[in-house]
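Peer 1: Sequence plus the predicted model coming up.
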Amino acid sequence: MMNEDITILLMHHLDYLKKLADVTNGILSAAKNNKIDLVSIESKNKDRIINILCHYQDQINLKLNKEDHGTISQDFREILLSWSHETDGFLNKIDKIDQEIVSILESRKKNIHHDIISTNKSRMQFKGYNLKNVRR
């Protein structure tokens, strides 16, 4: 009975990992298209999914700690091992995408910073001119 409860939690955990991967890909797409507002919104959604994943992880750990490790069947051990490998695979893919997102956003940040400096410099160059006193 406990194995069935844990198996259900493992399936929900994997479902949310898939959702996390989907949201992360959405953030990457938004970042590539310079849709910064969408990046922000989807990042908040990503945080919510991570919180849900942490909850499932805590529940899984709690139930596994209550389980008598001597009574765990070989089949259930294989299920746990498979879940662990799938989780690692998802997290590695998500980490790579996150690194790409950070790179894109850092580049965008540098471009915006350069634009601000350029605009400020232009404004300062024209600051001394009194355009009301122009001869015609």
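Peer 2: Done, it's in.
Peer 1: all strands of the protein, in order?
Peer 2: Using DSSP state E, no strands are found in the chain.
Peer 1: Can you show me the helices along it?
Peer 2: 2-32, 36-66, 74-127 (DSSP state H).
Peer 1: Would you format those as TSV with mean pLDDT included?
Peer 2: Formatted as TSV, the helices of the chain follow (pLDDT from 0 to 100):
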stretch	mean pLDDT
helix 2-32	94
helix 36-66	94
helix 74-127	88
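Peer 1: hey, which of these is tucked in deepest?
Peer 2: Each of the helices of the chain was assessed for mean neighbour count using mean count of other Cβ atoms under 10 Å. The highest is helix 2-32, with a mean of 17. The C-beta positions use only the backbone N, C-alpha and C, and glycine is treated the same way.
Peer 1: between it and helix 36-66, how big is the angle?
Peer 2: 160 degrees (axes from the mean of the first three to the mean of the last three Cα atoms, to 10 degrees).
Peer 1: From the contact counts, what lies against helix 2-32?
Peer 2: Where contact means 3 or more Cβ pairs under 8 Å, 6 or more residues apart in numbering; DSSP states H and E, helix 2-32 is packed against helix 36-66, helix 74-127.
Peer 1: quick one: which of the ones you listed is nearest N3?
Peer 2: Proximity to N3 (Cβ to Cβ) singles out helix 74-127 among the helices and strands packed on helix 2-32, at 5.0 Å.
Peer 1: Tell me what angle the closest one forms with helix 36-66.
Peer 2: 150 degrees.
Peer 1: from the chain's centre, how far out does helix 74-127 sit?
Peer 2: 8 Å (Cα atoms, centre = their mean, to the nearest Å).
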